[in-house]
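Trainee: 3D, please:
(4 chains)
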There are 2 protein chains.
Amino acid sequence: MSSTLKDIAEKTGFSVSTVSRVLHDNSQKYKISEETQAKVKKVAKDFGYRVNALARGLRLQKTFEIGIIVPDISNPFFSEVIKSLAGELRKKGYNFIVYDSDEDIAIERAAIKSLLEKRVDGLIIASVGQDFSHIQKIRDAEIPVVMVDRCFDDLDVDSVSVDNMNGALLAVNHLIKEGHTRIAFIQGLPGTYANERRLQGYKSALQDAGIPIDERLIVGDDFRSLNGYLETKLLLKLANPPTAIFTAGDLIALGTLEACKENNVKIPDDLSLVTFDDPVFASYLSPALSAVEQPISKMAEMAAALLYRRMRNPLDERRKVLLEPKLNIRSSVSRLIDKKQTE
Amino acid sequence: MSSTLKDIAEKTGFSVSTVSRVLHDNSQKYKISEETQAKVKKVAKDFGYRVNALARGLRLQKTFEIGIIVPDISNPFFSEVIKSLAGELRKKGYNFIVYDSDEDIAIERAAIKSLLEKRVDGLIIASVGQDFSHIQKIRDAEIPVVMVDRCFDDLDVDSVSVDNMNGALLAVNHLIKEGHTRIAFIQGLPGTYANERRLQGYKSALQDAGIPIDERLIVGDDFRSLNGYLETKLLLKLANPPTAIFTAGDLIALGTLEACKENNVKIPDDLSLVTFDDPVFASYLSPALSAVEQPISKMAEMAAALLYRRMRNPLDERRKVLLEPKLNIRSSVSRLIDKKQTE
DNA sequence: TTAGTTTGTGCAAAGGATTGCATAAGTATT
DNA sequence: AATACTTATGCAATCCTTTGCACAAACTAA
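Mentor: The predicted model follows:
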């Protein structure tokens, strides 16, 4: 059914240029008469005319599309990020195309390739791995790109993330203050920016408190819930199990909860738990989960702002923005000192 | 940096056609010599050549893109649906563009417009409202489209959804069997396919059990958590409050939990709760939530299958597929009879 | 009357890739 | 020596939109 400018031109007797100007351009600029405008618009409507974004993009060398790549759409953290980004982008007349890299760097690479072929005007990426050569290439090709959440220290690209190290410090210090010393860390994907910083924060908090680091308490290898489940099971079997666990992400925490339930381990009585990320359901979990909250909408706003700046001004100095996290204390941590006193 | 076939043609001395055939087509078909292939490929690599999907789409009248529209990406149900769809589509070499209509029919319309302008090869839509004239238009224009989750009885379009009525029956019958008679229903967006069916199931279950329907117990107006929160607060203030609530969606249930917590209402002791949708976190909530589970990955597979069929065979008879839901009984429902006996 | 301005519209190129048809040279067949 | 294939490549049209430039007609100013 879809008609073209040419069809309308033939029907009305005007040229394609005139039709184009009436339907898209400010027909003011070319001073198209009211009469012509009316005729053209009528026929366009009758024909159900719809611009062809492919042809337009080809001609204009601009698509008004932004590509977004996240490691896992179904992770509430990322779906919130996308939702916020969507709002920001829509405001400025941009659309977006989302890809889910499924925590797989090969899919991430393919996604980037595909987005660049589509000639998106910019990219927002939460990257998966530790290798950033593919991102470097985008940068070098002067395609505007912003990293969110997952960044690379050694890569000079605009980026926004939460201060992961500080977030971990907040969480672990809280546990220490409550009297815990055997604190396990179930990490996400090692090598990942977010993960390494959280690990660093964890270690640093322990060291500052004079608590020796026990490598057997640092476990795990991805951000999914199965990881949390398995590692918790193993941790619980240790001869000298931890009294508290700090998990690197919300899904991991869910897995930990599942394992505890199965093993009849009561939180917070038998085991304390704090997690990074603070999904909407955290306060309704059993028990309500203490968690490090990331300022998601600020991250999205900032990412969008950085991207616009880069698109307007390609050679501007790159910036790396760190936002402050916040610890929400709920009821998944017990006070170990009290317990000892009452025992 | 991005070069074109023409650039490579000029550099190598071959024609654009030859270059195109080497880089994309099966160069077998046109019997390009090994030597030529090697030369062209080398230059293409040096130049960092990348097809222009706009130009290709324009020429081929096919983009290998599928548009997906959901009412709320951050709703776990929809983010799971998207994730599953992504997997299915990727298998067949299709990419997808997601839009979030934010439960707003105007945005949904704009999203459809935008996707059609981009010339997507097909659409998968979870529609928002009760009006389907815009979907009808897509259908009439013979653009392949499949509805998921939210469908329209009177609209002859391929669709997949769970048997919402049966799901509601399962939930409410469970409550009735446990001795409840004052059962409230907090609905989602009225007029929505999913909502109306769930409402129908709710009413039907009550009628079958000979329980009169109390319109004051049918409340609510959208699928968000704030709705659950507000309506629960109001229900609890009723002179004769319900002993059980059935919520139409997972986010609503979250709102209900929040209200109960604030009002110090214990679930399931003071109030029983069952919800439609069964998000991953349902079993870790306090208490573990009894919920009606939708077969999400089956829905996605089916949606993708229907879409492929329609794309290959545009005039095939339309199908409406209903999948069976499953009630997961956990611990948010109390047995009212026992309670009375022990009192 | 002549020159200059305004109004309204069209021509044609460009953007990048694909592909049916044509063609040239070389090989095989009779 | 004439014919028929095969191999390897190029030509040119097509997909649809945008836009600088050109131009005709009508009007204004001198």
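
Trainee: run through the stretch 201-343 of chain A and note the low-pLDDT ranges.
Mentor: Applying pLDDT under 70 to the stretch 201-343 of chain A picks out residues A:337-343.

Trainee: which residues touch the closest residue to DNA strand D within it?
Mentor: Using CB to the nearest atom of the strand, the single residue of the stretch 201-343 of chain A nearest to DNA strand D is A:M311, 17.2 Å away. Placement of C-beta: from N, CA and C, glycine included. With contacts defined as CB atoms under 8 Å, 6 or more residues apart in numbering or on different chains, A:M311 is in contact with A:121-122, A:144.

Trainee: and A:S15, by the same measure?
Mentor: Under the criterion of CB under 8 Å, 6+ apart, the contact partners of A:S15 comprise A:A9.

Trainee: any chance you could map the helices in the stretch 101-250 of chain A?
Mentor: Assignment of helices within the stretch 101-250 of chain A using DSSP state H, counting those that start in this stretch yields the ranges A:105-117, A:133-140, A:164-177, A:193-208, A:225-237, A:250-262.

Trainee: please name the residues that touch whichever residue of chain A sits closest to chain B.
Mentor: Using CB to the nearest CB, A:S286 is the residue of chain A that sits closest to chain B, at 3.2 Å. For A:S286, the contacting residues are A:257, B:284-288, by CB under 8 Å, 6+ apart.

Trainee: okay, the helices of the stretch 101-250 of chain A in a markdown table with distance to B:E317 and mean neighbour count next?
Mentor: Converted to a markdown table, the helices of the stretch 101-250 of chain A look like this (distance: least, CB to CB, whole Å; neighbours: other CB atoms under 10 Å in any protein chain shown):
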| stretch | distance to B:E317 | mean neighbour count |
| --- | --- | --- |
| helix A:105-117 | 34 | 19 |
| helix A:133-140 | 46 | 15 |
| helix A:164-177 | 54 | 22 |
| helix A:193-208 | 50 | 20 |
| helix A:225-237 | 41 | 20 |
| helix A:250-262 | 42 | 24 |
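
Trainee: can you list these in TSV and add distance to B:N240?
Mentor: Rendered in TSV, the data for the helices of the stretch 101-250 of chain A read as follows (distance: least, CB to CB, whole Å):
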stretch	distance to B:N240
helix A:105-117	55
helix A:133-140	62
helix A:164-177	45
helix A:193-208	51
helix A:225-237	42
helix A:250-262	36
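
Trainee: what would the contacts of A:S286 look like in a markdown table with secondary structure and distance to B:T243?
Mentor: Formatted as a markdown table, the entries for those read as follows, by DSSP: H, G, I helix; E, B strand; the rest coil; distance: CB to CB, whole Å:
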| residue | secondary structure | distance to B:T243 |
| --- | --- | --- |
| A:L257 | helix | 28 |
| B:Y284 | helix | 25 |
| B:L285 | strand | 20 |
| B:S286 | coil | 19 |
| B:P287 | coil | 16 |
| B:A288 | coil | 19 |
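
Trainee: closest to B:G210 out of the residues you listed?
Mentor: The shortest gap between B:G210 and any of those belongs to B:P287, at 29.3 Å (CB to CB).

Trainee: wait, A:R139 sits on A:S159?
Mentor: No. At 11.2 Å, A:R139 and A:S159 do not qualify as touching, with contact defined as CB atoms under 8 Å.
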